[in-house]
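**Q** Turn this into a model:
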Amino acid sequence: MKKQHFGFFIFFAGLIIIFLSPIILLKETFLQGDYLGQFYPWLKIYSQSIKHFQFPFWTDLMQSGFPLMAEGQTGGYYPLNIIMFFLLPFKVAYNYSIIIHFLIAGLFTYFYARKIGADQWGAALSVLLFCFGSNYAGCFYNIVTLRTLCWFPAVLYLLESYFNDKKTKYIIYASIVFGMQLLAGFVQMAIYSGLFYAIYFSYRLIKSGEKKLNLLKLSAIFLIPAIIIWLPQLKLTLELVKLSGRESATLGFALWKSFNPIGIFSLVFPYSFSAFTSNFYIGVLSLYFVIYAFLKRKDDILTKNILLMFFVSIFLSLGQFNPVFVAFLKITKLYSFRVPSKFIFFSGFALALLAGLGFTKLFKKSDPKEEKKAVSIFQIVLILSSFVFVLINLIFNLCKPQLLSLGQWIVNNFIINKPYHRYDLNYYLEKVNVFLRSTAHEFSIHEFYVLSSWIMVILLFFFIKFLIKRRAKLAIFSIIFLDIYIFSMYGTGFRGNIKPFDYLKPKNQHIYNIIKSDKEIFRILPWDLASAKLPLWATANANMAYGINSIAAYTPLVNKNYRDKLIELEIIDDSLGIKIPQISSLAKNFDLIRLLNVKYIISDKIIDLDSLSLESTENGIYLYQLKDYLPKIFFTSGIGGKLIETKAKMLKINIQSPGFISLSTESDSNGFIVFSENYYPGWKAFIDGKICDIIRLEGIIQAVKIDKGKHLVEFKYSPY
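**A** Numbering: from 1, shown residues only. Here you go, the predicted structure:
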């Protein structure tokens, strides 16, 4: 490695240590929110399976059985997942997977920035802003986004290498990396990446005078290997999507969480304007270098290409605020992807690069005229942002009744009873009140993070000319670093999502021990997940990390049929939220709950039902047992009406593992073997080695008809 890069390596290593030392030392990890609700438990199951040379195609720990490998967010076929979770202990693999992907993001951003003209200082600035500004502060969105998007600068680096050397091998390398992105877990962001690769590559080809035929040929070379790499995962995920609520998504779903145009002011006041939308903060002082790069774009194809990426991503992120985008969705019916504001990632990346390029151009060969012009524009941006801040602050403090009335009008006309809005009027009106209160707080000058932004704005307004004139590189870097460091404390949850591993220690230990010491095969039902009062080990998906089976689930790709059957119980969250359930729904769905092999109900409320017996209570948590719960697999003489386990001469489970069960049975009469595992394409049943039809009970679980006598019965999940 050339000596010219050593300074950057030391700098970047220092950043990683400063921002991620608790992760490096295995003292803490990402456990808050979706991390514990999805990624941590799923990867723990994945780690256990991969160490036994198996992929976790099926897990019985959630949703009464779920095709875990089909949930692409696990990243089951992603090469780095396979290597790390196979070779390393789970905690080490989980933490160091985060570290490695930060390193990949930073290193390729650096080398790409150098390739397009940034010097070592400028490229290092781009890395600081990209990795620890709003894009990756808190892993931008989650760990799956980190795995997927850390490769974005790598593909751009390889595409740019093609234009330097005109060797097709770089296109093939870029295709392989794109294929890894598609396997990494966040298909939506991988496909968005593909869109920007197409824009970037097409623009470069056109400007270089290449023929259109060459564009088609190179596009095929880029796409075909990537799609082939993706195919094993694509087959599984498409099947799951077809059976989920995403298949019937509407325009409202696709436009949910669009980027509010007023969010552009989060570039100066990130804490305050994040109340309206996602921000893409890169530090206030960095904006000066973005402006300078913009002014110096003339005859610079690469800078123009990065600017094109910025404007296109802003345009697409506007979603419902963009009539062209709305019309496109209506015509194409492409409603499966939601949250257009995710396009902001690419805006943040473009700003980070532009800041690095502007920094390099200013210190390499400054143009005094453009330098002064950039200062003037920068000061205007600060004044305008400050004016908007003050205006909103006044509105929220002086017009509270009018804002409340406006919020109520919006709820009544655009939210209540609309698709994907399940809650009642009072819930949404309370949301309006919370929004007004929180926004007023986030615009309060007494809030530390607001005050820090104002101090930065005022100081830079008066001293920007001095900093630029003195060419104070180290001072400029120090100011930007301090700004980003403060931002990382609140920006997108970088600190808030990190918890010590002790956070996982089971609470309500006595009840937990009762559950864990019960050697029977059973599932639990967590009652009232919406209250957020249940212990972690009982909540949806987090239960998997403790080895406890549950009928609850939290995933955007939950089976729609399963969710619809259990919707009144409010234990199935398809990323659209759950409500507080009614006790009456428990009694109404009791037979279905029995059928799903539920033995225990964990609740934060007293449940007065004759069908339940109170087993234990501890610190406001109650453990109930169903008085006549059903086994996971049993023999019954009939499947009409209320199901009752019929005594067979013999019913012995020979082998059981996720996705497979084998049992020997003997009875004096014809009947049915009921298997309380969620029915899903790929399940097959065999009686004495011969395949037989599976009966779908209640539309969600499996059964087979069996003649009297001795038989060997097997249920097997085989996705391919």
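
**Q** Would you check that T665 makes contact with T636?
**A** No - taking contacts as CB atoms under 8 Å, T665 lies outside contact range of T636: 11.7 Å. All C-beta spots, glycine's among them, are computed from the backbone N, C-alpha and C.

**Q** okay, the two: which has more neighbours?
**A** Using other CB atoms under 10 Å as the criterion, T665 and T636 rank with T665 on top: 22 against 16.

**Q** got a list of what the closest residue to that one other than its chain neighbours touches?
**A** In space, not counting the residues next to it along the chain, T665 is nearest to L651; the distance is 4.9 Å by CB to CB, 6 or more residues apart in numbering. Shown in contact with L651 (CB atoms under 8 Å, 6 or more residues apart in numbering): 633-635, 663-666.

**Q** Can I have the buried ones of those residues as a PyMOL selection?
**A** Here is the PyMOL command that selects the buried residues among the contacts of L651 (16 or more other CB atoms under 10 Å):
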select buried, resi 633+634+635+663+665
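
**Q** Adding pLDDT as columns, could you present the contacts of L651 in JSON lines?
**A** Formatted as JSON lines, these follow (pLDDT from 0 to 100):
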{"residue": "I633", "pLDDT": "94"}
{"residue": "F634", "pLDDT": "93"}
{"residue": "F635", "pLDDT": "93"}
{"residue": "L663", "pLDDT": "95"}
{"residue": "S664", "pLDDT": "95"}
{"residue": "T665", "pLDDT": "95"}
{"residue": "E666", "pLDDT": "93"}
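
**Q** Which ones among the contacts of L651 map onto strands?
**A** 633-635, 663-666 (DSSP state E).

**Q** Local confidence estimate at the most centrally placed residue in the chain?
**A** For the chain, N142 is the residue whose C-alpha lies nearest the centre (CA atoms, centre = their mean; 4.6 Å). Looking at N142, its pLDDT reads 78.

**Q** from here on, count from 367
**A** Let's use 367 as the start, then, which means that last one is N508.

**Q** Below-threshold pLDDT in this structure: ranges please.
**A** The chain contains residues with pLDDT under 70 at 367-368, 501-507, 578, 785-786, 857-861.

**Q** try 50
**A** Counting by pLDDT under 50, the chain contains low-confidence residues at 504-505.

**Q** quick one: secondary structure of the residue nearest to T1031?
**A** At L1017 the chain is in strand, as set by DSSP: H, G, I helix; E, B strand; the rest coil.

**Q** distance of the residue nearest to the centre of the chain from Y401?
**A** 7 Å (CB to CB, to the nearest Å).

**Q** Just name the closest of the contacts of L1017 to D940, please.
**A** Checking the contacts of L1017 against D940 with CB to CB, the nearest one is I999 at 27.7 Å.

**Q** residue contacts, that closest one?
**A** Applying CB under 8 Å, 6+ apart to I999 gives the contacts 1017, 1019, 1027, 1029, 1039-1042.

**Q** Beta-bridge partners for it, please?
**A** Beta-bridge partners for I999, by DSSP bridges, are F1041.

**Q** got a list of what A592 touches?
**A** 541-542, 544-545, 548.

**Q** just the buried members of the residues you listed?
**A** 541, 544-545, 548.

**Q** Y793 sits in which helix or strand?
**A** Per DSSP states H and E: Y793 is located in helix 791-808.

**Q** Also L522?
**A** Going by DSSP H and E, L522 is part of helix 518-531.

**Q** same for that helix, what does it pack against?
**A** Identification of packing neighbours for helix 518-531 by 3 or more CB pairs under 8 Å, 6 or more residues apart in numbering; DSSP states H and E yields helix 456-481, helix 535-550, helix 553-573, helix 710-730.
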